[in-house]
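Engineer: Just a sequence and a predicted model for now, questions to come.
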Amino acid sequence: MMIFLSILFFALNLYTVFKGSVFSETGKKLKLLEISETEGRRTGNDYKSKLLDGFMKDGCLPLMIALALTATEVIYLIAAIRFDPIKFPTLLAILLFIFMWIHSSLKKKAKDMNDSELTAEKMKVLNSKNVTLSSTLIATFWTTYFGYMIYNLVF
């Protein structure tokens, strides 16, 4: 099972290096949905049914898959400690995973932004690229780590 998960995560991260995150479009849609909800609350428009329908069509299934993959990766990293002969790369991967989780939770939420910040965030999301330097570096790290784990598990 560890070999299968290593190959799966290796392939996903290798794809991310060249094409960007598999769930980048879902992330953009959810961020735009959050901004639209905040704008709708401030103006008092009837936005709930439209936004809920949009989320159910575009974001629900990919979000559930992303959450399942994240939970699987957490379990994988905990189990990988037993299979890693050096232990340092796996502990470094766990620290990076925790750091990335904390970093994403510290981002300013749309409900805490003023109108000009909301407009700027909306333009930033609409104009953002799927592949950035930071996403490429992080995906390269994860690709290297999962390649290392495949090597340890197979040989």
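Structural biologist: Now that the structure is in, tell me what you want to look at.
Engineer: Helices of the protein, start to end?
Structural biologist: 2-19, 24-43, 48-58, 60-83, 88-105, 115-127, 133-154 (DSSP state H).
Engineer: what's the model's confidence in the longest one, averaged?
Structural biologist: What it means is helix 60-83. Averaging pLDDT along helix 60-83 gives 91.
Engineer: what does stretch 94-105 give?
Structural biologist: So the average pLDDT for stretch 94-105 ends up being 93.
Engineer: Need the contact partners of it.
Structural biologist: For stretch 94-105, contacts defined as Cβ atoms under 8 Å, 6 or more residues apart in numbering pick out 73-74, 77-78, 138, 141. Backbone N, C-alpha and C define where each C-beta goes, glycine included.
Engineer: how close does residue 8 sit to residue 127?
Structural biologist: 31 Å (Cβ to Cβ, to the nearest Å).
Engineer: Show me which of these two is the more surrounded one.
Structural biologist: With neighbours defined as other Cβ atoms under 10 Å, residue 8 and residue 127 compare such that residue 8 has more, 15 against 7.
Engineer: How confident is the prediction for the more buried one, by pLDDT?
Structural biologist: 96.
Engineer: gap between it and residue 139?
Structural biologist: Counting by Cβ to Cβ, the gap from residue 8 to residue 139 is 14 Å.
Engineer: so residue 26 sits right up against residue 67, yeah?
Structural biologist: No: in this structure residue 26 lies outside contact range of residue 67 using Cβ atoms under 8 Å: 11.1 Å.
Engineer: Residue 23: what's its closest spatial neighbour, skipping adjacent residues?
Structural biologist: Excluding the flanking residues, the one nearest residue 23 by Cβ to Cβ, 6 or more residues apart in numbering is residue 66, at 4.8 Å.
Engineer: Which residues are in contact with the spatially most central residue of the chain?
Structural biologist: The residue lying closest to the centre of the chain (Cα atoms, centre = their mean) is residue 23, at 6.7 Å. By Cβ under 8 Å, 6+ apart, the residues touching residue 23 are 62-63, 65-66.
Engineer: can you tell me which of these lies nearest to residue 36?
Structural biologist: Residue 36 lies nearest to residue 63 out of those, by Cβ to Cβ, at 16.4 Å.
Engineer: can you count the residues close to the closest residue in space to the closest one that isn't next to it in sequence?
Structural biologist: Nearest residue to residue 63, sequence neighbours excluded (Cβ to Cβ, 6+ apart): residue 26, at 6.2 Å. With neighbours defined by other Cβ under 10 Å, the count for residue 26 comes to 18.
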